[in-house]
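Q: fold the following, please.
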Amino acid sequence: MPDAVAERGPSSTAVAAGGDRAARPGRAFERLGAVADAVLYEGYLLYPYRRSSVKNRVRWQFGVLLPRDWVERDGPVPAGVSGSADSWYQRTECVLRTPGPDAVVRVRVRGLQMQHKQVEEAGPDGRHRAVESLRTADGATHLTFDEAVPCETEVTVPLRELIGAERTFPVGAAADDRTETLPGGTGRVVRRRAEVHAVTTLTAERLAPDLVRLRVRTENTGRAADAAATRERALREALIATHTLIGGEGLEFASAIDPPAGLAEHVRACRNEFTFPVLGGDPPGAREARQGDGATGEVLLSSPIILPDHPQIAPESPGDLHDAAEIDEILTLRTMLLTDEEKREARATDPRAARILDRVDNMPDEVFARLHGAIRSLSPADRGGQDAPVGRDGHDAPAGRGDHDAGADSRAAAPIPEADRGPGADRGAEAAERPAWWREGADDGLSPSTDTVLVDGVRVGRGSRVRLRPRGRGADVQDMFLEGRTAEVAGVFHDVDGSVHIAVTLEDDPAAELHFWYGRFHYFRPDELQPLPDSTGPARTEPSDTHSEGQQPT
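A: Numbers count the residues shown, from 1 in each chain. Coordinates of the predicted model:
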């Protein structure tokens, strides 16, 4: 089967490769499109979407592949899995199963190419001079700014040709120079793109008859026009927001996060540098997730932003705001409140900013209402030994939440954590009587000030002394700084999913009394605490209900 390389630029179209074989992984790629586009434009332009905003003066933070001589001018860059550090290459390794001999690998490398938009004013002698802004006769304002153009290259190659061999393909972007005359002859806008030299190299190693490790390495192979140039200048020769989609025919990829047990050792041996691969597509149903041995899928997204397997775009989100860490409703409200002058500047800054303003200003009430929140389903959390509930559409509900008829008079018991409601409490009887978490009265009988929880065989509650032992993996970064510190328990809180959070104040914190009064605590799970002897028990008055409410974890 011949190789096929398809390149996409700002005005070109994709080239089909390999007939129907390429079409199947192509459909998988398209299902990943919204997530991949969110990665592509993450941080492209941040609220308030104006050029003059301080945070829009330092841009392009993820997946930036610059010329090597510029990157290593002060020495080699330490390799890491995160793509937030500037580099000259990305390396993805993954483990895949290949049941047949005719497997085909399909790789799509995507990124942005910087395009400098220079506004030039026409002089009386017919010459043009560069300016930062220009107002034309029609009242529009034009600003000098760095835009970006998406580019992508797609490669299809038989897997057998990669075993023990390397295949290298160009994935750079061509230079371009375009001029737009402004109305009334007041000036012009010149858009220039420098050529970006980059290649992607594919190679594979057979681990077993039906098991292969695939490596995808993308490099900026160009030389910097000036190795001492500023980052802003060097970015014109860079591939920005670089990420890779990997699929194919006759392939099954193992998750790098939750691999099947038999493949875990091979997955741990993979080296991923400045990018990290996750499974794409829809997540498995709860039943399949419980019964399966690890996670596998038909397509990978190798992203400079670390994501979970099966990343999804919230269906309520009406469009990209270029800030996935922000809440759509809050960002939309802030954008609505921009002044007319701020909106004019944002529209003049970049066409994508103008589209965001148009979408926000014309957003229907029902679309805006959906941004306020959504309940995916109404059902008790699934208990480990039982089948997952099934939704109205016949598909498995998400893990821990099934579908539920909100009108039914159900008194299903919510799961009860391993905690007491005080000495001698009958947890079994209470579990049978407690209504589901969304029902009125579900939190009756809960009292953070008197509830206790068993930790290493010791009953822990308000007033208990503990030593903090945050988890080595999965802990909040700030919690890691509290490793080994001693604290006093302020309360035991129960979450709607049955989990328990223990609120503590640090013993050596001068503001501990103030935090306790205000209800501002550090929260840890029981397995992150070590009970200490000589607990004094309750020693403080109840914190203000007004302040403590809303401080509990959700």
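
Q: point to the residue nearest the middle of the protein.
A: The residue lying closest to the centre of the chain (Cα atoms, centre = their mean) is Leu307, at 4.5 Å.

Q: isn't Gly491 up against Leu446?
A: No: if you go by Cβ atoms under 8 Å, Gly491 and Leu446 don't touch, sitting 10.4 Å apart. Every C-beta, even on glycine, is put in place using the N, C-alpha and C of the backbone.

Q: can you give me the helices for the stretch 251-400 of the chain?
A: 264-268, 286-291, 328-336, 340-349, 351-361, 365-370 (DSSP state H, counting those that start in this stretch).

Q: residues in contact with Met480?
A: Neighbouring residues of Met480 by Cβ atoms under 8 Å, 6 or more residues apart in numbering: Pro470.

Q: so what's the backbone phi/psi at it?
A: Here is the backbone geometry of Met480 (degrees, to the nearest 10): phi -60, psi -30.

Q: about what we covered before: among the helices of the stretch 251-400 of the chain, which is nearest Asn56?
A: The minimum distance between Asn56 and the helices of the stretch 251-400 of the chain falls on helix 340-349, with 7.8 Å, by Cβ to Cβ.

Q: excluding its backbone neighbours, what's nearest Leu279?
A: Gly297 (3.8 Å; Cβ to Cβ, 6 or more residues apart in numbering).

Q: pull out the buried positions in stretch 494-507.
A: By neighbour count with 16 or more other Cβ atoms under 10 Å, stretch 494-507 contains the buried residues His494, Gly498, Val500, His501, Ile502, Ala503, Val504, Thr505, Leu506.

Q: mean confidence score for it?
A: For stretch 494-507, the mean pLDDT works out to 86.

Q: how long is that stretch end to end?
A: Chord length of stretch 494-507, first to last residue, is 23 Å (Cα to Cα, to the nearest Å).

Q: with stretch 209-228 instead?
A: End-to-end distance for stretch 209-228, by Cα to Cα: 50 Å.

Q: got the buried residues for it?
A: 211-222, 224.

Q: out of those, list just those in strands.
A: Of the buried residues of stretch 209-228, the ones assigned to strands by DSSP state E are Leu211, Val212, Arg213, Leu214, Arg215, Val216, Arg217, Thr218, Glu219, Asn220.

Q: between these, which is nearest Arg471?
A: Nearest member of those to Arg471, counting by Cβ to Cβ, is Arg213, at 29.5 Å.

Q: where's the closest one relative to Gly83, distance?
A: Distance from Arg213 to Gly83, counting by Cβ to Cβ, to the nearest Å: 21 Å.

Q: where's the residue nearest to Glu298 when sequence neighbours are not counted, which helix or strand?
A: On the basis of Cβ to Cβ, 6+ apart, the spatially nearest residue to Glu298 that is not a chain neighbour turns out to be Ala28, at 5.5 Å. Element membership for Ala28 (DSSP states H and E) is helix 20-31.

Q: low-scoring stretches of the stretch 451-554 of the chain, by residue?
A: Applying pLDDT under 70 to the stretch 451-554 of the chain picks out residues 472-477, 496-497, 534-554.

Q: now the strands: where do they sit in it?
A: Counting by DSSP state E, counting those that start in this stretch, the stretch 451-554 of the chain has strands at residues 452-455, 458-460, 465-468, 486-494, 500-506, 522-524, 529-531.

Q: now the stretch 151-300 of the chain
A: For the stretch 151-300 of the chain, applying DSSP E, counting those that start in this stretch gives strands covering 166-170, 176-181, 187-193, 198-208, 211-220, 239-249, 252-254, 276-279, 296-297, 300-303.

Q: pretty sure Gly164 contacts Arg215?
A: No: using Cβ under 8 Å, Gly164 is not in contact with Arg215; the gap is 11.8 Å.

Q: shared neighbours of these two, which are they?
A: Common neighbours of Gly164 and Arg215, using Cβ under 8 Å, 6+ apart, are Thr203, Ala204, Glu205.

Q: dig out what Val453 forms beta bridges with.
A: On the basis of DSSP bridges, Val453 is bridged to Ala419, Val460.

Q: count of neighbours near Val458?
A: Residues contacting Val458 under the criterion other Cβ atoms under 10 Å number 16.

Q: how about it, what does it touch?
A: Ser464, Pro531.

Q: how close does it get to Thr339?
A: Distance of Val458 to Thr339, computed by Cβ to Cβ: 58 Å.

Q: so how far is Pro78 from Ala231?
A: For the record, residue 231 is Arg, not Ala. 18 Å.

Q: what about the closest residue to Thr168 other than its chain neighbours, how many neighbours?
A: Sequence neighbours aside, Thr201 is the residue nearest to Thr168 in space, at 4.6 Å (criterion: Cβ to Cβ, 6+ apart). Thr201 has 17 neighbouring residues, counting by other Cβ under 10 Å.

Q: which strand residues bridge Thr201?
A: Taking DSSP bridges as the rule, Thr201 bridges to Thr168, Arg217.

Q: quick one: contacts for it?
A: Contact analysis of Thr201 by Cβ under 8 Å, 6+ apart lists Glu166, Arg167, Thr168, Phe169, Arg215, Val216, Arg217, Thr218, Glu219.

Q: how about the second one: what's its closest non-neighbour residue?
A: Across the structure, with Cβ to Cβ, 6+ apart as the measure, the residue nearest Arg167 apart from its sequence neighbours is Leu202 (5.0 Å).

Q: surely Leu202 and Pro158 touch.
A: No: contact criterion Cβ under 8 Å: Leu202 and Pro158 do not qualify, at 10.9 Å.

Q: circling back: quick one: which of Gly491 and Leu446 has more around it?
A: Between Gly491 and Leu446, counted using other Cβ under 10 Å, the more crowded position is Gly491 (23 against 14).

Q: buried ones in stretch 96-107?
A: For stretch 96-107, by 16+ other Cβ under 10 Å, it's Leu96, Arg97, Thr98, Ala103, Val104, Val105, Arg106, Val107.

Q: what does it contact?
A: Counting by Cβ under 8 Å, 6+ apart, 1, 17-18, 21-22, 25-26, 29, 154-160, 162, 200, 202, 204, 210-214, 216, 244-254, 296 sit against stretch 96-107.

Q: which PyMOL command selects the buried ones in those?
A: The buried residues among the contacts of stretch 96-107 can be selected in PyMOL (16+ other Cβ under 10 Å) with this line:
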select buried, resi 1+17+18+21+22+25+26+29+154+155+156+157+158+159+160+162+200+202+204+211+212+213+214+216+244+245+246+247+248+249+250+251+252+253+254+296
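
Q: quick revisit: turn the contacts of Thr201 into TSV, columns for pLDDT and distance to Met480.
A: Below are those laid out as TSV (pLDDT from 0 to 100; distance: Cβ to Cβ, whole Å):
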residue	pLDDT	distance to Met480
Glu166	97	40
Arg167	97	42
Thr168	98	41
Phe169	97	41
Arg215	98	32
Val216	98	32
Arg217	98	32
Thr218	98	32
Glu219	98	34
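
Q: just put the residues you listed in JSON lines and tack on distance to Pro533.
A: Shown next, in JSON lines, are the contacts of Thr201 (distance: Cβ to Cβ, whole Å):
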{"residue": "Glu166", "distance to Pro533": "62"}
{"residue": "Arg167", "distance to Pro533": "65"}
{"residue": "Thr168", "distance to Pro533": "64"}
{"residue": "Phe169", "distance to Pro533": "65"}
{"residue": "Arg215", "distance to Pro533": "54"}
{"residue": "Val216", "distance to Pro533": "55"}
{"residue": "Arg217", "distance to Pro533": "55"}
{"residue": "Thr218", "distance to Pro533": "57"}
{"residue": "Glu219", "distance to Pro533": "58"}
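
Q: closest one of the residues you listed to Leu66?
A: Among the contacts of Thr201, Glu219 lies closest to Leu66 (Cβ to Cβ), at 10.8 Å.

Q: surely that closest one meets Arg91?
A: No: with contact defined as Cβ under 8 Å, Glu219 does not count as touching Arg91 (9.2 Å).

Q: what residues does the residue nearest to Leu279 make contact with?
A: Counted by Cβ under 8 Å, 6+ apart, Gly297 has contacts Glu252, Phe253, Ser255, Leu279, Gly280, Gly281, Asp309, His310.
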